[in-house]
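> Coordinates only, no sequence provided:
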């Protein structure tokens, strides 16, 4: 069982890394693509670092020592009864996607929306583009988690988790 949990853990890392690199390839040009790819990987893969906080909470609450096999299995989410995953947030993701675009948006009318979005995307500064890519990488990470993990539709909304006291409602 420990072997299977470790395999699943490594598979998940590879899965999220692949999604992050795909975002980098689709949304970057040849100039500075390494920097943009790095941003996508950092935000698309390392979003899962928030699981360490949840595992740390479990270790303190139940006076457990660190176990990679247990961490990789995710069983601590059920045992602790809490689900913090602070970076797994549709609200944070939306803010990262919208904020760099907001300053560039003009009043849209009719069919000009697509043209203006394309112009807006091309007019982003490197800093704004980096924020947008971070948000897109997180979006696809969350979308994949939402589809693959056995969770309810509101699980990755931070406001919802706050409202229910971070109580674990995973099926």
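Received it, and whenever you're ready, just let me know what you need. Everything quoted here is computed from the prediction, not taken from an experiment. Numbering: from 1, shown residues only.

> Out of the helices and strands in the chain, which is least certain?
helix 112-122 (a mean of 56; mean pLDDT, DSSP states H and E).

> Name the residues of the helix or strand that comes right after that one that come out as buried.
Counting by DSSP states H and E, the next helix or strand C-terminal to helix 112-122 is helix 126-148. The neighbour-count check on helix 126-148 (16 or more other Cβ atoms under 10 Å) flags 128-142, 144-145 as buried. For glycine as for every other residue, the C-beta is placed from the backbone atoms N, C-alpha and C.

> How much space separates the residue positioned nearest the centre of the chain from residue 40?
The residue lying closest to the centre of the chain (Cα atoms, centre = their mean) is residue 138, at 3.4 Å. Going from residue 138 to residue 40 by Cβ to Cβ, to the nearest Å gives 9 Å.

> For residue 50, grab the count of nearby residues.
15 (other Cβ atoms under 10 Å).

> Skipping its backbone neighbours, what lies nearest it in space?
residue 87 (4.2 Å; Cβ to Cβ, 6 or more residues apart in numbering).

> Identify the residues contacting the one you found.
47-50, 138 (Cβ atoms under 8 Å, 6 or more residues apart in numbering).

> which one of these sits closest to residue 72?
Sorting the contacts of residue 87 by distance to residue 72 puts residue 48 at the head of the list, at 11.3 Å, by Cβ to Cβ.
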